[in-house]
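Peer 1: sharing a sequence plus its predicted fold:
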Amino acid sequence: MKKLSLFSLMLLALWSCDSNKPSADIYQAALDSTRLAQPQISNEVVHDILQQIPSPLEISVLLKETGTRYNQSMLNNPKGVSKYNTSYQKAINLGIYGTDLGYTNIYEQNQDAIFYLNSIKQLADELSIGQFFDFGTIKRLATNSSNLDSLLYLTTKNFNNINGYLQEQNRSNLSILILTGGWLEALHITAQVAQTNPDNQILIERIGEQKMILDNIMLLLSFYSESNANMAQYMQMFQPLAEAYEKVQIINTYAEPTFEEVNGMLVVKDNSTSEVKITAENLKEISATTQAIRNKIIN
Amino acid sequence: MDMKRIFATFGFLAFILLAANTASAQCGASDLADNCITQMSDGFNFVKSFPIDGEKGAKNKIEYSYVFAKGTEYAINICTGGEAPDGIIVSLYDSNRRQVTTNQANGKLFKGVVYNCNSTGIYYITFTFKDSNAHCGGSVLGFRR
């Protein structure tokens, strides 16, 4: 019986060990400032909403393909990383830097990408999630533009893994902030470019479409705002943007799709349409509010 | 409760936890999803990978969701242990739960679908099984403009 019990203890100890996860002490330290009463909503619901938030890379690709030139001055200064002291500030700015990294990658600005990688590494390490980044490989890929696909894949995968891990560890609040920061930065970049290209309807429509993403973000923040003052503060911060977006209308019209076979894949054409109704005044308000929120977060 | 009982209970729990941990890793859906990235159609940027673990037939539907943007093409590829999709059916539904596409068409099961999105909104990516052997696979979502 004693042998069996000892064996069981060893099994449990082995089961608890996983080399991919941080040690208990480091992990506990990172948890201290973020552990909170769980929201009155299941993890599955939070996970389902979180996974819908689109990749900020889509915006960067859109900007590049519509002929917009690279503009580093729109991005958050990577040297400002030491300003972020709390886990909440670190998480939301990790998301912001993540979008900036994606933007520099898409535009193949390798040197800038390295600066953002260093800032991301610092924040990720401080949040005890640095183990998800293989910085050596990422830096190697980043120095050669022919590795762009691998680089984008690796950084996207790392961020996906981090979000999955945080959700598993009941730290979804940080996951929400990372995704919120990434989304906000993408909106900020799009709004900045749209200001200098007022005739670019694609960009304006894309800004208007963010109404549905913001709805999700507000919903996620609301789940935590009752049990956590920091999350409530972020929700309050984003409230003026939600109010500005209330004036945006999205009209969907359904039509049957059509399809054809191409290279073993079924290619489907969506014949439905969506129309975004947004006025110039409304766009200005959204841009200004986005700018104001971002300034509070990054400074 | 005496010490023997405490140890016996503890030991039993340890076995259960170990068994559960091993069972969840058996299908290898996460690895299939990761490896599927190399199968992504040319010119598409990686967005997400989806494990498809049908738990040996115990689970018949696995669903994910994502906001698709107007003017963007999305590719959803399915990967299994072999060449064929092994009875894994992917269906795409719009925010009103109307089916907009599936890889099952013309009497065939395709290894993936490309969806040319013209209406921004939440889309539901649902995986189901029909005559599948392994009930296990991975999928990858990519986009291009």
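Peer 2: Ah, there it is.
Peer 1: quick one: name whatever helix or strand follows the helix or strand of chain B with the lowest mean pLDDT.
Peer 2: When each helix and strand of chain B is scored by mean pLDDT, DSSP states H and E, helix B:3-25 comes last, with a mean of 46. Downstream of helix B:3-25, the first helix or strand assigned by DSSP states H and E is helix B:29-35.
Peer 1: so residue B:77 bridges to which residues?
Peer 2: With DSSP bridges as the criterion, residue B:77 is bridged to residue B:112, residue B:140.
Peer 1: hmm, residue B:140 and it touching each other?
Peer 2: Yes - Residue B:77 lies in contact with residue B:140 (Cβ atoms under 8 Å); the separation is 5.2 Å. Where you see a C-beta, it was placed from the backbone N, CA and C, and this is true even at glycine.
Peer 1: quick check: which ranges of chain B have low pLDDT?
Peer 2: B:1-26 (pLDDT under 70).
Peer 1: between residue B:77 and residue B:140, what contacts are shared?
Peer 2: Residues touching both residue B:77 and residue B:140 (Cβ atoms under 8 Å, 6 or more residues apart in numbering or on different chains) are B:36, B:39, B:40.
Peer 1: in contact with the second one, which residues?
Peer 2: With contact set as Cβ under 8 Å, 6+ apart, residue B:39 has these partners: B:77, B:79, B:111, B:140.
Peer 1: could you rerun that using 10 Å?
Peer 2: Counting by Cβ atoms under 10 Å, 6 or more residues apart in numbering or on different chains, residue B:39 touches B:75, B:77, B:78, B:79, B:111, B:112, B:138, B:139, B:140, B:142.
Peer 1: I'd like those as TSV, with distance to residue B:28 and neighbour count appended.
Peer 2: Shown next, in TSV, are these (distance: Cβ to Cβ, whole Å; neighbours: other Cβ atoms under 10 Å in any protein chain shown):
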residue	distance to residue B:28	neighbour count
B:75	23	23
B:77	17	26
B:78	15	27
B:79	11	28
B:111	18	20
B:112	20	24
B:138	9	27
B:139	14	27
B:140	15	27
B:142	22	24
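Peer 1: between those, which sits nearest chain A?
Peer 2: residue B:112 (5.0 Å; Cβ to the nearest Cβ).
Peer 1: buried stuff in whichever strand or helix holds residue A:176?
Peer 2: Per DSSP H and E: residue A:176 is located in helix A:172-196. Residues A:172-194 are the ones in helix A:172-196 that count as buried (16 or more other Cβ atoms under 10 Å in any protein chain shown).
Peer 1: closest to the centroid, which residue in chain A?
Peer 2: residue A:179 (2.8 Å; Cα atoms, centre = their mean).
Peer 1: excluding its backbone neighbours, what's nearest it?
Peer 2: Nearest residue to residue A:179, sequence neighbours excluded (Cβ to Cβ, 6 or more residues apart in numbering or on different chains): residue A:53, at 4.9 Å.
Peer 1: what score does residue A:100 have for pLDDT?
Peer 2: Residue A:100 is assigned a pLDDT of 95 by the prediction.
Peer 1: ok, the residue nearest to residue B:69 when sequence neighbours are not counted - contacts?
Peer 2: Nearest residue to residue B:69 in three dimensions, chain neighbours excluded: residue B:120, at 5.1 Å (Cβ to Cβ, 6+ apart). With contact taken as Cβ under 10 Å, 6+ apart, residue B:120 is in contact with A:54, A:205-206, A:208-213, A:250, A:252, A:273-276, B:67-72, B:95.
Peer 1: recalculate using a threshold of 6 Å.
Peer 2: Residue B:120 makes contact with A:209, A:274, B:69, B:70 under the criterion Cβ atoms under 6 Å, 6 or more residues apart in numbering or on different chains.
Peer 1: report how many residues lie close to the first one.
Peer 2: Residue A:209 has 20 neighbours, counted by other Cβ atoms under 10 Å in any protein chain shown.
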